[in-house]
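S.K.: Sharing a model that was predicted from the sequence below.
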Amino acid sequence: MTVKITWLGHASVKVEHGTKIIYIDPWNVQGPKADIILITHSHFDHYSDDEIKNLSSADTIIVGPEDVPLAKNKISPGKSVTVKDMVIEAVPAYNVDKQFHPKENRWVGYILTIGGKRIYHAGDTDRIPEMKEMKEMKVDVACLPVGGTFTMDAASAIQAVNDIKPGHVIPIHYGAVAGTKKDAEELLSIKTSQIHVLDPGQSIEI
């Protein structure tokens, strides 16, 4: 059974496997209720109480760092949790040359293992040294920010792809707060991974 990954715009991603539905950083998203919602950090374009409540049922499990109020399952870099046969690993996400996402906040990206596939959502991050270690994690799909200003730009994302060596890449975090589709299209120069520049609502299946 395949895993379906849908870019919902900005940094919002939906992952589906069978009947399971996982949202990562939903923002201005409408859709079916989630089994799991993963929040990388508390900035308005990644987390809101109303957004979470609209996508949640009584059984929805919400995972996020300490500053995400509705996340009853708290997580930090280096920690992992298994939920409904899915493994959720939190990895570092921070800025190295700007102050929007300080390392000391312990915000996260996620590696989600589902249906035998490993999906990496980087969160709001620059290219960071820890990405070189991810090559050993055998990431199938990497959702990487490319918009610059608050996160890494396209040039740094290209370097990050070389670090991580994922099978597939979906550029995210552009078109709303910072960056444009042209930033995403810069990644099409990469030949070592399959690059998918999606429109909001478009998906890939692996």
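M.R.: In hand now; what should we look at?
S.K.: How far does stretch 14-25 stretch from one end to the other?
M.R.: Across its full length, stretch 14-25 reaches 9 Å end to end, with C-alpha to C-alpha, to the nearest Å as the criterion.
S.K.: what's the spacing between it and its chain's center?
M.R.: On the basis of C-alpha atoms, centre = their mean, to the nearest Å, stretch 14-25 sits 12 Å off its chain's mean C-alpha point.
S.K.: The chain should start at 7 in everything you say after this.
M.R.: In the new numbering, first residue 7, that becomes stretch 20-31.
S.K.: Show me what it is in contact with.
M.R.: Outside stretch 20-31, the residues that touch it by C-beta atoms under 8 Å, 6 or more residues apart in numbering are 7-12, 14, 16-19, 32, 35, 37-46, 52-53, 61, 90, 92, 116, 118, 120-121, 125, 127, 129, 149. (Glycine included, C-beta is placed from N, CA and C.)
S.K.: and that stretch, average pLDDT?
M.R.: Rounded to a whole number, the mean pLDDT of stretch 20-31 is 97.
S.K.: Report the contact partners of the closest residue to Gln200 other than its chain neighbours.
M.R.: The shortest distance from Gln200 to any non-neighbouring residue, by C-beta to C-beta, 6 or more residues apart in numbering, is to His174 (4.7 Å). For His174, the contact set (C-beta under 8 Å, 6+ apart) comprises Asp146, Val147, Ala148, Ser199, Gln200, Ile201, His202, Ile210, Ile212.
S.K.: Looking at those residues, which is nearest Pro98?
M.R.: Ala148 (14.7 Å; C-beta to C-beta).
S.K.: and that closest one, that's in a helix?
M.R.: No: going by DSSP: H, G, I helix; E, B strand; the rest coil, the assignment for Ala148 is strand, not a helix.
S.K.: Let me know how buried it is, in neighbour terms.
M.R.: Residues lying near Ala148 (other C-beta atoms under 10 Å) number 28.
S.K.: try Val114
M.R.: Neighbourhood size, Val114 [other C-beta under 10 Å]: 29.
S.K.: Name the nearest residue to it, sequence neighbours excluded.
M.R.: Val114's closest residue in space is Ala96 (C-beta to C-beta, 6+ apart), at 4.1 Å.
S.K.: residue contacts, that neighbour?
M.R.: Contacts for Ala96 (C-beta under 8 Å, 6+ apart) come out as Pro71, Ile81, Ser82, Pro83, Gly84, Lys85, Ser86, Val114, Gly115, Tyr116.
S.K.: Now the fourth one: closest residue in space that isn't a chain neighbour?
M.R.: What it means is Pro83. Nearest one to Pro83, counting by C-beta to C-beta, 6+ apart, is Pro98 at 4.3 Å.
S.K.: what is that neighbour paired to in the beta sheet?
M.R.: On the basis of DSSP bridges, Pro98 is bridged to Val114.
S.K.: Val147 contacts Thr12, doesn't it?
M.R.: No: applying C-beta atoms under 8 Å, one finds Val147 not in contact with Thr12, separated by 11.4 Å.
S.K.: Neighbour count for those two, which is higher?
M.R.: Shown here are Val147 and Thr12; by other C-beta under 10 Å, Val147 has more neighbours (24 against 19).
S.K.: State the pLDDT value of the more buried one.
M.R.: 98.
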